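Undergrad: Whatever this is, show me its structure:
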Amino acid sequence: MKQVSQNLRNGIIDIEEVPVPGLKDNFVLVQNNFSIISSGTEKTKIDLGKKKLLQKAKSRPDLVKKVIDKIKSEGLIKTIKTVNTRLNTPSPLGYSSAGTVVAVGGLVKGIQPGDKVACAGAGKATHSELVLVGENLCVKIPTGCDMKSASSVAVGSIAMNGVRNADVRLGEFIAVIGLGNIGKRLARLARALNMNIIGYDVMPIDEEFAKEVGLMKADLNTLLQSSDYISIHVPLLDSTHHLLNAEKMSTMKNTAKIINTSRGGVVDEDALYEAIKNGTLGGAALDVFEKEPAIGNKLAELDNVILTPHIGAQTKEAQSLAANVIGEKIIQILRGVI
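TA: Residues are numbered from 1 along each chain as shown. A predicted model of the protein is given here:
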């Protein structure tokens, strides 16, 4: 089958012929009809792949720590071999798709061949002709929803989590910075909550979409000064690094809250900490950080801050389903079924 992959050593992207994944007990094999290209997440991964090894290390200190820990536990030579294998192994791109079920594992319940399903998961719901995903990472597409729209399931769940974490209220003003796939879905959710939506993007905003959700266009400064919530959906580039810095935060309402599910470096965390601590900002909900994992992040000291460990696509429903699957597997193990 064909699959879009990236070589992590040199960043080259190619369409490769790869074996069809083997079916497993709790997994579903799906023939893809659509897969979402994320201009944020995937561009970041592609840009990282193109960097030199030292630049890769500087960009991902969390991975460097894992390598150091592995050296301590398994030795230098074995670790070098593992890292080289990883860098030379093509990495599939994509994390949100939809298609038709081809086959199901023996322990899968509620899904059968021929069902139309939406799939999620980095390295799972990829840009491939066929994908193998755990049953907790796919869901039947409801009647009335077309497959193309359903393929954005992971993107939509990130937007949903942003709304939930912010605890938004009817009639308040929400700013959406970056109106790509996730930003548009957040705007639609905000519209359903009868919120006033202000949008900003460096790219032209689609007029039809703006009319659909009642979006008011504004420059960045006006948007920040007017909004009760600021939700960020942009890639991390030189132009977006610390897009929200101390100067920008000083123009915002002292009750305003920042939501960031895009990239950590877009928000100046030191400035954010000081603004919330001093009462010049109302709070924040962050799923991404300048340094990940965010161990010891001082923002965790503040009461009016919600921090999640880069799991924006993991909604309560997805976690509940995963818990049920894990519970069933434990029962099966105790009964000697597996």
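Undergrad: where's the residue nearest to residue 122 when sequence neighbours are not counted relative to residue 151, distance?
TA: Using C-beta to C-beta, 6 or more residues apart in numbering and skipping residues adjacent in sequence, the residue nearest residue 122 is residue 95, 4.3 Å away. Just so you know, the C-beta spots here come from the backbone N, C-alpha and C atoms, and that holds for glycine as well. Distance of residue 95 to residue 151, computed by C-beta to C-beta, to the nearest Å: 11 Å.
Undergrad: what's the answer for residue 25, then?
TA: Taken as C-beta to C-beta, the span from residue 25 to residue 151 is 26 Å.
Undergrad: What segments of the stretch 51-200 of the chain are strands?
TA: Using DSSP state E, counting those that start in this stretch, the strands of the stretch 51-200 of the chain run over 91-92, 96-104, 116-120, 130-134, 138-140, 173-177, 196-200.
Undergrad: Identify whichever of those lies nearest to residue 188.
TA: strand 196-200 (9.3 Å; C-beta to C-beta).
Undergrad: After the closest one, which helix or strand is next? Please name it.
TA: Once the chain leaves strand 196-200, the next helix or strand it forms, by DSSP states H and E, is helix 207-213.
Undergrad: and that next one, what does it pack onto?
TA: helix 181-192 (3 or more C-beta pairs under 8 Å, 6 or more residues apart in numbering; DSSP states H and E).
Undergrad: and the nearest residue to residue 89 once chain neighbours are set aside, how many residues sit next to it?
TA: In this structure, residue 89 finds its nearest non-sequential neighbour in residue 8, 7.4 Å apart by C-beta to C-beta, 6+ apart. Other residues lying near residue 8 total 17 when counted by other C-beta atoms under 10 Å.
Undergrad: Just say helix, strand or coil for residue 8.
TA: coil (DSSP: H, G, I helix; E, B strand; the rest coil).
Undergrad: give the contact list for it.
TA: 49, 86-89, 91 (C-beta atoms under 8 Å, 6 or more residues apart in numbering).
Undergrad: before we move on, what about residue 257?
TA: Residue 257 touches 166, 228-230, 281-285, counting by C-beta under 8 Å, 6+ apart.
Undergrad: Show me the shaky parts of the protein.
TA: The model of the chain has pLDDT under 70 over residues 39-51, 53-63, 159-170, 312-338.
Undergrad: That one: helices as residue ranges?
TA: Ranges of helices in the chain, per DSSP state H, are 41-50, 53-59, 61-74, 76-88, 147-150, 153-166, 181-192, 207-213, 220-226, 246-249, 269-277, 316-334.
Undergrad: Residues touching stretch 302-312, excluding its own?
TA: Under the contact criterion C-beta under 8 Å, 6+ apart, stretch 302-312 has outside partners 157-158, 161-162, 165, 261, 273, 276-277, 282-289, 292-294, 297, 299-300.
Undergrad: quick check: domain ranges of this structure?
TA: 2-147, 154-307 (automatic domain parsing).
Undergrad: Packed most tightly, which of the ones you listed would that be?
TA: A comparison of the domains of the chain by mean neighbour count, using mean count of other C-beta atoms under 10 Å, puts domain 154-307 on top with a mean of 19.
Undergrad: Can you give me the end-to-end span of it?
TA: In domain 154-307, first residue to last residue: 19 Å (C-alpha to C-alpha, to the nearest Å).
Undergrad: thinking again about what came up before, list the residues that contact both of residue 95 and residue 151?
TA: Common neighbours of residue 95 and residue 151 (C-beta under 8 Å, 6+ apart) are residue 36.
Undergrad: gap between residue 69 and residue 76?
TA: For residue 69, the distance to residue 76 - C-beta to C-beta - is 13 Å.
Undergrad: OK, contacts around the nearest residue to residue 34 once chain neighbours are set aside?
TA: Excluding the flanking residues, the one nearest residue 34 by C-beta to C-beta, 6+ apart is residue 151, at 3.8 Å. Listed by C-beta under 8 Å, 6+ apart, the contact set of residue 151 reads 33-36, 96-98, 118.
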